[in-house]
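Trainee: Make a model of this:
(one chain, ligands or ions: 1)
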Amino acid sequence: MDKVLIEQLEVSTVIGVYEWEKQQPQPLTIDLAMDIDCTAAMQSDDLTDALDYARVAELVTAYCNKEQFQLLEKLAGELIRLIFTEFSVAAVKIKIRKPQAIENGIAAVECFRTREQMN
Ligand SMILES: Nc1nc2c(c(=O)[nH]1)N=C([C@H](O)[C@@H](O)CO)CN2
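Mentor: Sure thing, here's the model as predicted:
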């Protein structure tokens, strides 16, 4: 299966289980890999036949700006659901890094779901 990727998308959102984390947004970095058949775009050279990664990035960024969750897992699941709702992709892999979570490393969550798994 072909994939359209977005790597190291920087967003800001209110996320965390502790009270101090709920007071202000913090940075996250998101990688997305979306399974989609690129045959039509290969042949036509037309953006309307492609998954427009710029639109996906805008949607994900706007969603993170307005929503608030405790867990990275919840945000990952909601972003996967949003992408399936808005775009004709067959599967989504998402990795969300939370650089400020731990002092001596980078915490992250990675999730993969097919469209069927989310139904
Ligand atoms: N698996 C997870 N573990 C933790 C999360 C999370 O979202 N998923 N979140 C926290 C806290 O919010 C932490 O980031 C504060 O430093 C702890 N563990």
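
Trainee: which phi and psi does residue 37 have?
Mentor: phi -80, psi 120 (degrees, to the nearest 10).

Trainee: contacting residues around the nearest residue to it once chain neighbours are set aside?
Mentor: Spatial nearest neighbour of residue 37, excluding adjacent residues (Cβ to Cβ, 6 or more residues apart in numbering): residue 2 at 6.0 Å. In this view, the C-beta of every residue, glycine as well, is placed from N, C-alpha and C. Shown in contact with residue 2 (Cβ atoms under 8 Å, 6 or more residues apart in numbering): 35, 36, 37, 38, 39.

Trainee: same thing but at 10 Å, please
Mentor: 34, 35, 36, 37, 38, 39, 41, 42, 51, 90 (Cβ atoms under 10 Å, 6 or more residues apart in numbering).

Trainee: Do I have it right that the first one meets residue 4?
Mentor: Yes: in this structure, residue 34 sits in contact with residue 4. The criterion is Cβ atoms under 10 Å, and the distance is 4.9 Å.

Trainee: ok, which stretches of this structure are helices?
Mentor: 39-44, 53-66, 72-86, 115-118 (DSSP state H).

Trainee: any idea of the mean pLDDT in the shortest one?
Mentor: When the per-residue pLDDT values of helix 115-118 are averaged, the result is 97.

Trainee: for that helix, packing partners?
Mentor: Secondary-structure packing of helix 115-118 (3 or more Cβ pairs under 10 Å, 6 or more residues apart in numbering; DSSP states H and E): helix 72-86, strand 91-98.

Trainee: residues in this protein within reach of the ligand, list them.
Mentor: 16, 17, 18, 21, 71, 72, 73, 98, 101, 109 (Cβ under 6 Å from any ligand atom).

Trainee: In a markdown table: these, plus neighbour count and pLDDT.
Mentor: Below are those laid out as a markdown table (neighbours: other Cβ atoms under 10 Å; pLDDT from 0 to 100):
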| residue | neighbour count | pLDDT |
| --- | --- | --- |
| 16 | 19 | 98 |
| 17 | 9 | 98 |
| 18 | 8 | 97 |
| 21 | 17 | 97 |
| 71 | 12 | 98 |
| 72 | 22 | 98 |
| 73 | 12 | 98 |
| 98 | 20 | 98 |
| 101 | 16 | 97 |
| 109 | 16 | 98 |
